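Engineer: Turn this into a model:
(one chain, ligands or ions: 1)
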Amino acid sequence: MQATAIAQPNIALIKYWGKRDLGRNLPAVGSISITLSELHTEVSVELSADLSSDELLVNGEVNQSMLVRISGCLDKVVGAERSRARVTSRSNFPIAAGLASSASAFAATTVAAAGAAGLNLETDELARLAGAASGSAARSLYGGFAELKNSGDTINVDTLCDVEAWPLQVVVAITATGPKATGSTAAMEISRETSPFYDSWIEQQDHDLDVARAAILARDFAGLAGVSEHNCLKMHSVMWASRPPMVYWNSVTMRCMQTVRQLQAEGCNVFFTIDAGPQVKAVCLPEDTKVVSKALAETPGVMQVIITGLGAAARLVDQE
Ligand code: 2P0
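Structural biologist: Numbers count the residues shown, from 1 in each chain. The predicted structure follows:
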């Protein structure tokens with residue numbers, strides 16, 4: 001009754017921002033993401049009749065704040081009548097700082113929980129369960145370029161293109177390590193209720209998805225760069241225009257964007273994307289990785305750069 005799974009975070013190029021159904025955690029829009037190879041979260045789930053309540057350890061420390069969501073995820077995967085669980089999570093990157101740690105954590109928790117309970121679930125079912133816990137987690141059940149389709153009463157995720165077919169690189173510039181001010185679930189609801197740009201954001205998403213999907217299938221870097229930056233800046237415009245405004249950037253985030261603009265002016269194949277946090281992810285062709293990582297590392301205020309390729313799907317690594 002114990003299993004361990006590894007999942008890698010993913011970053012969206014066409015973003016998920018907004019919920020259609022808060023209770024079932026259904027997204028208001030589809031999204032397209034890339035899963036990252038060098039970052040990972042490993043989660044062990046032990047189901048035991050000897051435990052009187054669920055326990056959660058994150059990076060070696062008891063974590064009460066995430067426990068409710070983790071318990072809810074276990075209830076959905078294993079059933080509410082399940083034994084209590086000891087859940088141990090370890091990530092090799094900063095958590096709750098806009099690096100999609102909830103995506104890898106809930107994807108790994110879902111796979112480990114199913115493994116611990118001896119359930120043999122298909123990937124699409126695991127993705128639905130992970131997505132019910134955290135929308136972006138559904139995409140980490142798939143490797144490479146994944147598209148989350150938002151149709152009807154459920155979500156479906158597909159791999160658009162394997163890692164080997166288009167091995168892009170991502171340079172992550174860490175500009176701050178503290179946890180973010182507003183969690184994504186609350187922030188999306190504030191955007192829906194108050195941002196004057198929210199409805200246009202939702203309306204335009206299918207068009208951006210079509211453009212990005214076509215660019216990925218054609219391996220058209222410039223096409224993907226254009227629509228990805230546009231989609232990212234639109235999402236942040238929705239956030240900035242919300243009340244209260246939600247600004248996840250800091251001054252170093254802006255400097256990194258300028259660095260990317262400068263690299264583009266010099267002919268480098270690179271574009272930026274930024275999520276609900278201050279980190280800048282620069283996506284580039286493999287031959288440009290060195291110059292991109294050097295330029296971002298030398299950007300004043302950048303604390304660290306992480307270079308990563310595109311990664312694999314969430315998977316079970318141990319089961320007893
Ligand atoms: C994304 N983000 O597509 C977008 C872009 C952040 C910005 O998905 O409420 O943790 O748990 O379903 O998945 C972050 O939100 O939100 C996110 P919940 P989640 O990657």
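
Engineer: which residues does residue 221 contact?
Structural biologist: Applying Cβ atoms under 8 Å, 6 or more residues apart in numbering, one finds that residue 221 lies in contact with 215, 269, 285. Where C-beta positions appear, they are placed from N, C-alpha and C, glycine not excepted.

Engineer: Could I get the pLDDT score of it?
Structural biologist: At residue 221 the predicted local confidence, pLDDT, stands at 98.

Engineer: Same check on residue 150?
Structural biologist: The confidence metric pLDDT takes the value 85 at residue 150.

Engineer: Could you do residue 266 as well?
Structural biologist: 97.

Engineer: what's the burial count for it?
Structural biologist: Using other Cβ atoms under 10 Å, residue 266 has 10 other residues around it.

Engineer: would you list the contacts of residue 221 in TSV and tack on neighbour count?
Structural biologist: Below are the contacts of residue 221 laid out as TSV (neighbours: other Cβ atoms under 10 Å):
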residue	neighbour count
215	20
269	17
285	16
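
Engineer: of all those residues, which comes closest to the ligand?
Structural biologist: Distances from the ligand to those, taken as Cβ to the nearest ligand atom, are shortest for residue 215 (17.5 Å).

Engineer: Name the nearest residue to that closest one, sequence neighbours excluded.
Structural biologist: Nearest non-adjacent residue to residue 215, counting by Cβ to Cβ, 6 or more residues apart in numbering: residue 223, 3.5 Å away.

Engineer: Surely that neighbour forms part of a helix?
Structural biologist: Yes - counting by DSSP: H, G, I helix; E, B strand; the rest coil, residue 223 is found in a helix.

Engineer: That one contacts residue 211, doesn't it?
Structural biologist: Yes - using Cβ atoms under 8 Å, residue 223 is in contact with residue 211, at 6.9 Å.

Engineer: So for those two, which residue has more residues nearby?
Structural biologist: Set side by side, residue 223 and residue 211 show more neighbours around residue 211, with 19 against 15, by other Cβ under 10 Å.

Engineer: In contact with the residue nearest to the more buried one when sequence neighbours are not counted, which residues?
Structural biologist: Once its chain neighbours are removed from consideration, residue 211 has its nearest residue in residue 227; the separation is 4.4 Å (Cβ to Cβ, 6+ apart). By Cβ under 8 Å, 6+ apart, the residues touching residue 227 are 13-14, 208, 211-212, 215.

Engineer: coming back round to it: next, the contact list for the residue nearest to residue 215, please.
Structural biologist: When contacts are counted by Cβ under 8 Å, 6+ apart, residue 223 is found next to 211, 214-215.
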